[in-house]
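>>> Fold the following.
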Amino acid sequence: MQIFSIPRTMPKKTVRCIILATIAAFLAACSHSVPPPLPYGPCPTPQQVEWQRMEMNMFCHFGPNTFTGLEWGNGNESEALFNPTALDCRQWVTVAQQGGMGGIIITAKHHDGFCLWPTPYSSHTVSQSPWRDGRGDVLKELRDAIDENKSQLPTLKMGIYISPWDRNAPTYGTPEYNETFRLTLEDALSRYGDIFEQWFDGANGEGPNGRKQDYDWTLFNSTVARIQPRAVIFSDVGPGCRWIGNEEGRAGETCWSTLDIEGFTPGAGSPHPDTLNQGNRPTATLYWVPAEADVSIRPGWFYHDNETPKTLQQLLEIYYNSVGRNALLLLNVPPDRRGLISSADSARVVELRQTLDSIFSTNLACHARTEASHIRGGRRCRTFRPENVLDDDYHTYWAVDDSVLSPTLTLTFDEQTVFNRVMLQEYIPLGQRVAALTVEYLSTDGTWHPLAKATTIGYKRILLTPTVTAKAIRISIDEALACPVINHVGVYLDKWLR
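Below is the predicted model of the structure:
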């Protein structure tokens, strides 16, 4: 059947254009006729995807403990203790931006009950302190500093930590306290613009009357959802994101973003730390509760004069064990008694960012030739082609037909390439699927050698490998719960941490 005819007198250049346009139209039609994979299992909300893509945020523990040297205050400290001499939240923001952080989470109220903003629901606040003559508001100053720097990249977001444990509140340990805490939450969440994360500590210690509080988590979570519907709620069991089970910034070698939270509560009622560390293999009854790995740049969470920041090598290891294992890294950088981040801490944060940029700014495989054992819809369809793993568009990916659970992807380099890091990313808006994989490399003598094995990928997995010189790498999906959907592959050389 003749689809169209081309006059013999038509210029050859025009003929070529018509043929290429026809081929492009055919391929486009083919691509559009192949539907994308259906979501598998629990999937993230758009807010959870946005949260995960922040990768690193800054925690700021600040309050009376900064001045007493304690980690957990007693709740009976005098408000006069809180008197930073040179507090400047703009400096915090600068450090966070230079460190490549996506947001800052401030301890608005720690276990001692002291509030860094003048809430009417407590008498233990900055309004009773000599700082700013009792008219200060740390949360407002942080919000203003973030807004002033919106033109600078990255654009920071603001999060709030509010501990439900309160060693000062006279009603703690009674049903009345839950209502007081709700009003406190409402007050903080209503005053300071958009809040990207509400951080709930699960600690539940003795109150001043010797009783523990029976927290109304349903009330607390619904209050956050009503006032800040886009906020991701952190606790041991989410529902927005979960504790990683340790304070070392270390996610599990296997790290699912899904978790069984039915029947569990934050604190003593949470799943075992090993479960929090690894998550649960996805099923239809689970929930998308990705992991957040919190760790301090110093031994303590609050600033202490006798402590020093972790080394660059320690922080790199933490990065690989958190972001590199499908978790978000929340790095605590505590302001000192002046209300400023110390020069030692700020320098280390900037050094970490500069080092990460030097490692990951250039994908050594960016010009590699890609070849896949399978392509969704066949090799003529371009929507799900393997080349997508090398572009800069987060929403493009290589995918295979639904029945294919063990495909391979090969990247052949333009020249011999030296590397020791392999980065893999799944397109998590469609769920987490990969459960086991193998990476091999093609050596200069033309033989394939094993390089690494892993279980989960998730949003991001960075495999630390021996330093090798290779012509190509081959990624084999050994086990998948549904057809794999891979949106990025990167190859890098880390000269700092071997």
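>>> what residue is smack in the middle of this structure?
Within the chain, the residue whose C-alpha comes closest to the C-alpha centroid is residue 328; the distance, by C-alpha atoms, centre = their mean, is 2.7 Å.
>>> Next, the nearest residue to residue 52 once chain neighbours are set aside: secondary structure please.
Spatial nearest neighbour of residue 52, excluding adjacent residues (C-beta to C-beta, 6 or more residues apart in numbering): residue 459 at 4.7 Å. In this view, the C-beta of every residue, glycine as well, is placed from N, C-alpha and C. For residue 459, the reduced secondary structure class is coil; criterion used: DSSP: H, G, I helix; E, B strand; the rest coil.
>>> Isn't residue 342 up against residue 336?
Yes: under the contact definition of C-beta atoms under 8 Å, residue 342 touches residue 336, with a separation of 5.4 Å.
>>> Mind listing the shared neighbours of these two?
The overlap between the contact sets of residue 342 and residue 336 (C-beta atoms under 8 Å, 6 or more residues apart in numbering) consists of residue 303.
>>> still on that earlier bit, residue contacts, the residue nearest to residue 52?
Taking C-beta under 8 Å, 6+ apart as the contact definition, residue 459 lies against 52-53, 257, 290, 326, 425-426, 428.
>>> Of these, which count as buried by neighbour count?
When these are checked for burial by 16 or more other C-beta atoms under 10 Å, the buried set is 52, 257, 290, 326, 425-426, 428.
>>> Please read off the pLDDT at the residue nearest to residue 102 when sequence neighbours are not counted from the model.
In space, residue 102 comes closest to residue 54 once its chain neighbours are excluded; the distance is 3.0 Å by C-beta to C-beta, 6+ apart. Listed pLDDT for residue 54 reads 98.
>>> what about residue 54, neighbour count?
20 (other C-beta atoms under 10 Å).
>>> gap between it and residue 298?
Separation of residue 54 from residue 298 (C-beta to C-beta, to the nearest Å): 22 Å.
>>> ok, now residue 109?
Taken as C-beta to C-beta, the spacing of residue 109 relative to residue 298 amounts to 21 Å.
>>> cool, residue 473 as well?
Relative to residue 298, residue 473 is positioned 38 Å away (C-beta to C-beta).
>>> more crowded one of those two?
residue 473 (26 against 22).
>>> name the helices or strands packed onto whichever helix or strand that one is part of?
Secondary structure here is read from DSSP states H and E; on that basis residue 473 sits in strand 461-480. If contacts are counted by 3 or more C-beta pairs under 8 Å, 6 or more residues apart in numbering; DSSP states H and E, strand 461-480 sits against strand 408-426, strand 434-442, strand 448-454.
>>> got the contact list for the residue lying closest to residue 210 once chain neighbours are set aside?
With C-beta to C-beta, 6+ apart as the measure, residue 173 is the residue that lies nearest to residue 210, at 7.4 Å, once sequence neighbours are left out. Under the criterion of C-beta under 8 Å, 6+ apart, the neighbours of residue 173 are 207-213.
>>> Adding distance to residue 136, write those out as CSV.
Formatted as CSV, those follow (distance: C-beta to C-beta, whole Å):
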residue, distance to residue 136
207, 28
208, 26
209, 31
210, 33
211, 33
212, 32
213, 29
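>>> And the residues you listed, which is closest to residue 182?
Using C-beta to C-beta, residue 213 is the member of these that lies nearest residue 182, at 12.8 Å.
>>> Settle this for me: that closest one is touching residue 207, isn't it.
Yes: Residue 213 lies in contact with residue 207 (C-beta under 8 Å); the separation is 6.3 Å.
>>> so residue 242 sits in a strand?
Yes: under the criterion used here (three-state DSSP), residue 242 sits inside a strand.
>>> which residues touch it?
For residue 242, the contacting residues are 234-236, 259, 276, 279, 289-292, taking C-beta under 8 Å, 6+ apart as the criterion.
>>> Which ones among the residues you listed map onto strands?
In this view, the contacts of residue 242 that belong to strands under DSSP state E are 234-235, 259, 291-292.
>>> Let's have those in a markdown table, adding distance to residue 267.
A markdown table is the format used below for the ones in strands among the contacts of residue 242 (distance: C-beta to C-beta, whole Å):
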| residue | distance to residue 267 |
| --- | --- |
| 234 | 13 |
| 235 | 8 |
| 259 | 16 |
| 291 | 18 |
| 292 | 16 |
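>>> Only whichever of the residues you listed are buried, select them in PyMOL.
Of the ones in strands among the contacts of residue 242, the buried ones can be selected in PyMOL as follows, counting by 16+ other C-beta under 10 Å:
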select buried, resi 234+235+259+291+292
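>>> Show me which of the ones in strands among the contacts of residue 242 is closest to residue 447.
residue 291 (37.8 Å).
>>> Quick one: residues contacting the closest one.
Contacts for residue 291 (C-beta under 8 Å, 6+ apart) come out as 241-244, 251, 255, 257, 276-277, 279, 326-328.
>>> Same check on residue 74?
With contacts defined as C-beta under 8 Å, 6+ apart, the neighbours of residue 74 are 112, 167.
>>> Equivalent analysis for residue 136, please.
Residue 136 makes contact with 87, 118, 126-127, 129, according to C-beta under 8 Å, 6+ apart.
>>> cool, residue 448 as well?
440-442, 474.
>>> got TSV for these, with pLDDT and neighbour count too?
Converted to TSV, the contacts of residue 448 look like this (pLDDT from 0 to 100; neighbours: other C-beta atoms under 10 Å):
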residue	pLDDT	neighbour count
440	98	19
441	98	23
442	98	19
474	98	18
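>>> before we move on, back to that, can you redo the contacts of residue 242 as JSON lines with distance to residue 184 and pLDDT?
Compiled in JSON lines, the contacts of residue 242 are given as follows (distance: C-beta to C-beta, whole Å; pLDDT from 0 to 100):
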{"residue": "234", "distance to residue 184": "17", "pLDDT": "98"}
{"residue": "235", "distance to residue 184": "17", "pLDDT": "97"}
{"residue": "236", "distance to residue 184": "21", "pLDDT": "95"}
{"residue": "259", "distance to residue 184": "28", "pLDDT": "98"}
{"residue": "276", "distance to residue 184": "27", "pLDDT": "98"}
{"residue": "279", "distance to residue 184": "31", "pLDDT": "98"}
{"residue": "289", "distance to residue 184": "25", "pLDDT": "98"}
{"residue": "290", "distance to residue 184": "27", "pLDDT": "98"}
{"residue": "291", "distance to residue 184": "28", "pLDDT": "98"}
{"residue": "292", "distance to residue 184": "23", "pLDDT": "98"}
